[in-house]
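sequence and computational prediction follow.
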Amino acid sequence: MRWILTPMRFPLALALAAGLFATGLPAAAANHDTVVPSLGAGPFRIACSNVAQDAALIAQSGSNATDFWEGRPKDGQLRYITQVLTAPQTAVRVDVAVPDQSSIYPQFAGQSVVHAAIVCHPTPAANADPDYLLPGTGDRVPRMQPAGSLPKLLGAAEYFETLGMRSEGRTGIAPLPLIVFSHGLGGSPISPGYLQAMTDLASFGFVVGAVFHGDPRFSRIRIENIGDVAFLFTNFDQFVEMELMRPLSLKAFTDELLVNPGFAPAIDANAIGAFGASMGGQATMNLLGAKLTTSLGLACRETTRDPRIKAAVGLVPYAGQTFLPSFCDDQSGAEEVARPYLAISGTADSTAPIKMAEQALQRFRGTRYLLALEGVAHEFTPDMRGDVMTWTVAFLHAYVGGPLAASVTSGDAAARTDLARLFRMAGVAGGPGEELRIDVHQGPALRRHVTPLVEFHHDGTDRYYLAPGEERAAQVDSGAAGPGWARTGLVINAASLARPPRPAGRLPSAAVPACAFRIAIADGPESWFYTTKPAECEAVKNQPGWRYEGTAFHAVPVDAAGRCPAGQRVVHRAYNNGAGSGAPNHRYTSSDSTLREMVRRGWADEGPAMCALP
């Protein structure tokens, strides 16, 4: 259909008639409305790679074991875990090549810096390797890989049997999703709390690999010093070098794992995600495309990106302070992040303030969620574990992969089940109070039989418009709808056909036409209205001023309770109550948090309008 934008006069009284649009709608139905049980340990037995250490050598040095794990120097002497490993040929390590750019790598430009790592993974139930007792803390590394041996990897048949699925014909090693894990500033993967988080994740069927960042080797600034402006001013170049080394080492580590003869067979190279705590949360955002603040004057610079990372989770993620945001001035460097991200932040966190994470996520262009844990500071405590792991596992299964890497982009049944679960989650039973402050899902674009509805906003009049299809969106970009329209970055996926072919079982067969209407407004841009309800379509056809433009797209209608099929999101329609020269305008959103914001701004929630494809 060709779009012709012909000006029309709009009588002010017609704004009152917009109230008919809300008639006959079911009660408002939120997408996230279910409190789910807290997850316990996953079904898989866990083993980890070799990190055995020489306790006598540690004692002789006069340092604690954690000094070596975390890279803290003593008396001017370097301390790092590679110095005390008893089986260095078995342990995982990677030599990270530092770019020869002394302006941003003032200490290590052009050098190679060794990084040790640990990998925890599902292992056969028959694995009887003993746990390793870590020196100093007494924590245990489960079924640690013996020196000189290959890791004991889980077979595909046992993987499916453990999940209660058919295993006939399953042979070889199970290729599992990889989660690249980044600990907080000054910590290590085997410091208290981090090892538990790694093994928790691995028990749900992920291979989890973590680098020992050894941050003090690059900068002695600890996260509690970041608010000290004078301290930061005199040491900021070293702090930036440390920040840049984190995504650089994580990418190099991923390169190594994918060719490592011991672990590569257990990894699905098409299903890689990331998990970062505190400064590790910032590093995972960098891997997804966020630029970094590299001067106190808020200079902005690219960091290492890794396009293999499909989605990431940040636990109390560090996104800077008000006077020094992590991602450039006003977090503008976060605008290129277009892959899914879940931030789990505490409302009482002054070290990594939730407002800075929220500011960054609002800049993201892709799927993003922000979960606020009430009263939680910069910590990971036992009472948080259920909330953190339940949300993290649901998110990673949905956007990275579940059973043998089913993900939203693959379109298979397991992925739709994982998405359906995440789309309904509002909280986890027990633990701290929580609020899903941001819930924006952006489905994969440019798929067969899918029409992306691209959202535009007109700053001058505060009006919204959904352009059906990229071709139409490109016309709006070029000014076909008049000046002043700009993409918001939000997209809703609708169907392009009434009854899409079903051989792959990936699209609904119940899609119906969406009627499109346009009204010209004397003092500003035009406004559009869509409905999938036949009665409402006929009613608007009889309203003066509204021009019927036929079927713009197809969509699955909500049911009588305002619900959508599992794995799809409810799209709500908000009405501006005729604000802005008395001109009616509607905004369509599949985000509960966006709808709440529109209502806060004085718009009316007209209820569920249709369903969005994942």
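Yep, it's here.

can you check the pLDDT for A28?
On pLDDT, A28 comes in at 54.

name the helix or strand for R93, please.
Secondary structure from DSSP states H and E places R93 in strand 92-97.

send the alpha carbons of that strand over as CSV?
This file holds the C-alpha atoms of strand 92-97, laid out as CSV (Å, rounded to 0.1, in the frame of the first residue of the first chain):
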residue,chain,number,x,y,z
VAL,A,92,43.5,-22.5,32.1
ARG,A,93,45.4,-19.4,31.2
VAL,A,94,45.6,-16.9,28.4
ASP,A,95,48.2,-14.4,27.3
VAL,A,96,46.4,-11.1,26.5
ALA,A,97,48.0,-8.9,23.8
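
distance between the next helix or strand after it and the chain's centre?
Downstream of strand 92-97, the first helix or strand assigned by DSSP H and E is strand 112-122. Its chain's C-alpha centre and that of strand 112-122 lie 23 Å apart, by C-alpha atoms, centre = their mean, to the nearest Å.

what about stretch 564-577, start to end distance?
From its first residue to its last, stretch 564-577 covers 26 Å (C-alpha to C-alpha, to the nearest Å).

show me what the residue positioned nearest the centre of the chain is bridged to.
Nearest residue to the geometric centre of the chain (C-alpha atoms, centre = their mean): Y341, 1.2 Å. Taking DSSP bridges, one obtains A312, R368 as the residues bridged to Y341.

tell me what the strand holding R93 is packed against?
strand 112-122, helix 229-257 (3 or more C-beta pairs under 8 Å, 6 or more residues apart in numbering; DSSP states H and E). Backbone N, C-alpha and C define where each C-beta goes, glycine included.

now distance to A511, mean pLDDT and mean neighbour count too, for these, in JSON lines please.
Shown next, in JSON lines, are the helices and strands packed on strand 92-97 (distance: least, C-beta to C-beta, whole Å; pLDDT from 0 to 100; neighbours: other C-beta atoms under 10 Å):
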{"stretch": "strand 112-122", "distance to A511": "40", "mean pLDDT": "98", "mean neighbour count": "24"}
{"stretch": "helix 229-257", "distance to A511": "39", "mean pLDDT": "90", "mean neighbour count": "20"}
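
closest one to S49 among the ones you listed?
With C-beta to C-beta as the criterion, S49 lies closest to strand 112-122 of the helices and strands packed on strand 92-97, at 4.4 Å.

what sits up against the helix or strand just after the closest one?
The C-terminal neighbour of strand 112-122 among helices and strands, as given by DSSP H and E, is strand 132-133. Strand 132-133 is touched from outside by 51-52, 139-141, 144, with contacts defined as C-beta atoms under 8 Å, 6 or more residues apart in numbering.

so of these, which ones are in strands?
140-141 (DSSP state E).

most neighbours among the contacts of strand 132-133, which one is it?
The residue in the contacts of strand 132-133 with the most neighbours, by other C-beta atoms under 10 Å, is V51 (28 neighbours).

got a list of what that one touches?
81, 85, 91, 116, 118, 132, 134, 141, 144, 190.

tell me where the model's unsure across this protein.
1-29, 222-232, 402-416, 445-446, 497-509, 522-523, 580-582 (pLDDT under 70).

what ranges do the helices span in it?
Taking DSSP state H as the test, the helices found in the chain are 14-17, 55-61, 65-70, 156-162, 194-202, 229-257, 279-288, 354-363, 385-399, 413-424, 470-477, 534-541, 592-600.

and the second one, what does it pack against?
The helices and strands touching helix 55-61, judged by 3+ C-beta pairs under 8 Å, 6+ apart, are helix 65-70.

what's next to the helix it packs on, contact-wise?
53, 55, 58, 72, 74, 79-81, 83-84, 134-137, 186-188, 190-191, 212, 214-216.

pull the CA atoms of it into CSV?
The C-alpha coordinates for helix 65-70 follow below in CSV (Å, rounded to 0.1, in the frame of the first residue of the first chain):
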residue,chain,number,x,y,z
ALA,A,65,46.2,-16.6,49.3
THR,A,66,43.6,-13.9,48.4
ASP,A,67,46.5,-11.5,47.6
PHE,A,68,47.6,-13.8,44.8
TRP,A,69,44.1,-14.4,43.6
GLU,A,70,43.3,-10.8,43.4
